[in-house]
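Chemist: got a sequence here, can you model it:
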Amino acid sequence: MMKKVTISIEYIADAMEATMDGWEQFLNLETGEIVSLSDGTWSDRDEDDEVLAEEIDTTDKYVRLPNQYDIHEYEIMEEFAYATPNQRYQEKLLHVLRGRKPYRNFKDEINCLGISETYYAWRLITLCKKAKNWCEENEVPYEIRTEGLNI
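Modeler: Numbers count the residues shown, from 1 in each chain. Coordinates of the predicted model:
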């Protein structure tokens, strides 16, 4: 039986934050290394990528991390808007989320309102919660390294 390495929730959350369209990330359960592999949408795979893809497909050493579609960035922004105690800020955030270019306008609005640091701290906690759930669902041993991170 394979011995799984213990992974920090923050490490997984950081990887989730770095997800990009056209790429998948995989955790090597033996080493704790996260590798990225093009899904072929944006670039052709080279020989090293093909070897990695074959290893991922034929062994149980790797598990796919959540990608940007699994993370649901829009829902994170919307939950933050609803959780914002200032009613005026909440209305402004929800308004931009329902308009054109919600991602860009949301980020502009949190900067304009001076709450971007609050949002990004809240977002990190949300990603850590998602990372914890992912670890539990995939039976990946984990630890929480940030003292006081109550997830």
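
Chemist: contacts for the helix or strand bottoming out on mean pLDDT in the chain next, please.
Modeler: Lowest on mean pLDDT, DSSP states H and E among the helices and strands of the chain sits helix 47-58, with a mean of 84. Helix 47-58 has contacts (C-beta atoms under 8 Å, 6 or more residues apart in numbering) with F26, V35, L37, S38, R45, K61, Y62. Every residue, glycine included, has its C-beta placed from N, CA and C.

Chemist: my guess is E79 contacts K129. True?
Modeler: No - the pair E79 / K129 is not scored as a contact, 10.9 Å apart, by C-beta atoms under 8 Å.

Chemist: just for this structure, where's the confidence low?
Modeler: Within the chain, the ranges that satisfy pLDDT under 70 run 1, 40-46, 148-149.

Chemist: hey, C-alpha coordinates of the longest helix along it in CSV?
Modeler: With DSSP state H applied, the helix covering the greatest number of residues in the chain is identified as helix 116-137. This file holds the C-alpha atoms of helix 116-137, laid out as CSV (Å, rounded to 0.1, in the frame of the first residue of the first chain):
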residue,chain,number,x,y,z
SER,A,116,-9.8,44.4,-1.2
GLU,A,117,-7.6,43.2,1.7
THR,A,118,-10.7,42.0,3.5
TYR,A,119,-11.9,40.2,0.4
TYR,A,120,-8.6,38.5,-0.3
ALA,A,121,-8.3,37.3,3.3
TRP,A,122,-11.9,36.0,3.2
ARG,A,123,-11.2,34.3,-0.2
LEU,A,124,-8.1,32.6,1.2
ILE,A,125,-10.1,31.2,4.1
THR,A,126,-12.8,30.0,1.7
LEU,A,127,-10.1,28.3,-0.5
CYS,A,128,-8.7,26.7,2.6
LYS,A,129,-12.1,25.3,3.5
LYS,A,130,-12.5,24.0,-0.1
ALA,A,131,-9.0,22.5,0.2
LYS,A,132,-9.9,20.8,3.5
ASN,A,133,-13.1,19.3,2.0
TRP,A,134,-11.1,18.1,-1.1
CYS,A,135,-8.5,16.4,1.1
GLU,A,136,-11.2,14.7,3.1
GLU,A,137,-13.1,13.6,0.0
